[in-house]
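Enquirer: after the sequence you'll find the predicted model.
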Amino acid sequence: MEAFASVAIGGTKCSVAVALVNDEDIDWVGRRMFATRAAPNEVLAMLVTELDEVVHENFGIRLVSIGIVCGGPLDESEGLVLSPPNLLRWIRINARAPFEEHFGVPVRLMNDANAGVVAEWMWGAARGATDAAFLTMGTGLGAGIIVNGQLHRGASGLAGEIGHWRLAESGPHGYGKDGSFEGFCSGSGIAKTAQQVALRHLQEGDPSELSSDWFDLADISAQQLAKAADDGDEVALQLWRDVGRWLGVGLALLVDILNPDVIVLGGIFYRQHDRLEVTMRRELEREALAESLSVCQILPSELGEEIGDYSGLVAALIGNETTGPGRQLTSVVPPERTHGMWGRVDARVGELHVDTGSFKGQ
């Protein structure tokens, strides 16, 4: 039986999954997951091992292709993870090569947000949309964008890196700058904010459930913030309201720029949307163009915790004409460009003419 493999590399966890695909159904025959380690080569070796074990546990299946998804920036055509802010040691790491060498099948690397929006378009909350966006909202924050029925990658493959947007002059650090969308609304950014708030309460002699002493400040996570809110801690509840407000600020920009049919929110919003919804909607109504907002649905991911599996499957299926999903996905994802921006400049450098007289430097 022909099977397709999905590999997801995240800032907090990594996973592999194997699926049998026909025109109607996807049958997941095995999954493995583990916490992301610091060393890229160790992570890749474990992923190869885990995938190999899943394949061997399912007698009679034969891998046709493997899809790998990871946060950007990436060089998808070369299979390189360049320098994602949530994977600090992954600098120009060839994620594709270990799988090609071990399994001997085609392997495609794809931005996780790009693959995520296509997965939601194919099987989830963006079904039927012409213009859509998907926000990862995991350890980091990025967006995948579909415009006029096709995935929009941009001139150098970096479209959708909205985590880099600066929403305020100061604020939690994320994606290289203070006050960024990623700083306010990603798992890592929310944890930093919670740590700062817990520290302030300790300094004022008023510890919250987040931290009863100085020693556990650094271990505060978005998951702990969610538990504190579940227990009714007002500090935690207010922090979640603040996250929702900043999410609304960022989404208002996206609504105004794209005028989409739907924006799908994964990760943290999928898990916490009841806490985020009110302040998010309030800010959206205040900031976004009313006409654009009125035609845009903003929904939690339908694929939920399985979004990584489905995103990797998107990458594995693109170009496969033997399955209905493969044919559909190929229609929405245009072919990769061989060169990014710098490749095009290099190719045309002989045609460039610089009129130095036009520069009037001071």
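Expert: That came through fine.
Enquirer: who touches stretch 50-60?
Expert: 1, 3, 5, 7, 16-18, 29-32, 34, 61, 63, 66, 99, 102-103 (Cβ atoms under 8 Å, 6 or more residues apart in numbering). From N, CA and C alone the C-beta is placed, and that goes for glycine too.
Enquirer: so how many other residues sit close to the residue lying closest to residue 140 once chain neighbours are set aside?
Expert: Leaving aside its sequence neighbours, residue 140 sits nearest to residue 86 (Cβ to Cβ, 6 or more residues apart in numbering; 3.9 Å). Residue 86: 24 surrounding residues under other Cβ atoms under 10 Å.
Enquirer: so residue 86 is in which element?
Expert: Of the helices and strands defined by DSSP states H and E, none includes residue 86.
Enquirer: for the closest residue to residue 111 other than its chain neighbours, which three-state class applies?
Expert: Among residues not flanking residue 111 along the chain, residue 72 sits closest, at 4.7 Å (Cβ to Cβ, 6+ apart). Secondary structure state of residue 72, per DSSP: H, G, I helix; E, B strand; the rest coil, is coil.
Enquirer: for residue 72, what are phi and psi?
Expert: Residue 72 adopts backbone torsions of phi -90, psi 170, taken as degrees, to the nearest 10.
Enquirer: pretty sure it contacts residue 158?
Expert: Yes: using Cβ atoms under 8 Å, residue 72 is in contact with residue 158, at 6.6 Å.
Enquirer: who's more crowded, those two?
Expert: residue 72 (24 against 17).
Enquirer: look up how far residue 117 lies from residue 105.
Expert: Distance, residue 105 to residue 117, by Cβ to Cβ, to the nearest Å: 25 Å.
Enquirer: out of the two, which sits in the more crowded spot?
Expert: residue 117 (33 against 15).
Enquirer: got the contact list for that one?
Expert: 126, 132-134, 143-146, 151, 264.
Enquirer: leaving out sequence neighbours, find the closest residue to it.
Expert: residue 144 (3.1 Å).
Enquirer: now do the SS call for that neighbour.
Expert: Assigned with three-state DSSP, residue 144 falls in the strand class.
Enquirer: tabulate the contacts of residue 117 (a markdown table), appending neighbour count.
Expert: As requested, the contacts of residue 117 are exported to a markdown table (neighbours: other Cβ atoms under 10 Å):
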| residue | neighbour count |
| --- | --- |
| 126 | 29 |
| 132 | 27 |
| 133 | 31 |
| 134 | 33 |
| 143 | 27 |
| 144 | 31 |
| 145 | 24 |
| 146 | 26 |
| 151 | 24 |
| 264 | 30 |
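Enquirer: any idea which of the residues you listed is closest to residue 288?
Expert: residue 133 (13.3 Å; Cβ to Cβ).
Enquirer: quick one, helices of the stretch 101-250 of the chain?
Expert: Assigned by DSSP state H, counting those that start in this stretch, the helices in the stretch 101-250 of the chain fall at 112-123, 181-185, 187-203, 222-230, 234-258.
Enquirer: tell me which of these sits nearest to residue 11.
Expert: When the helices of the stretch 101-250 of the chain are compared (using Cβ to Cβ), the closest one is helix 187-203, at 6.9 Å.
Enquirer: for the closest one, packing partners?
Expert: strand 173-174, helix 181-185, helix 222-230, helix 234-258, helix 267-287 (3 or more Cβ pairs under 8 Å, 6 or more residues apart in numbering; DSSP states H and E).
Enquirer: so of those, which one's packed in deepest?
Expert: helix 181-185 (a mean of 29; mean count of other Cβ atoms under 10 Å).
Enquirer: enumerate every residue touching the residue nearest to residue 111.
Expert: Taking Cβ under 8 Å, 6+ apart, we find residue 72 in contact with 82, 84, 111-113, 142, 157-158, 160-161.
Enquirer: which one of these is nearest residue 255?
Expert: residue 160 (14.8 Å).
Enquirer: what about this structure, any weak spots by pLDDT?
Expert: For the chain, applying pLDDT under 70 flags the ranges 206-207, 211-215, 336-362.
Enquirer: mind listing what the nearest residue to residue 235 once chain neighbours are set aside touches?
Expert: Once flanking residues are discounted, residue 235 sits nearest to residue 208: 4.1 Å by Cβ to Cβ, 6+ apart. For residue 208, the contact set (Cβ under 8 Å, 6+ apart) comprises 197-198, 201, 228, 233, 235-236.
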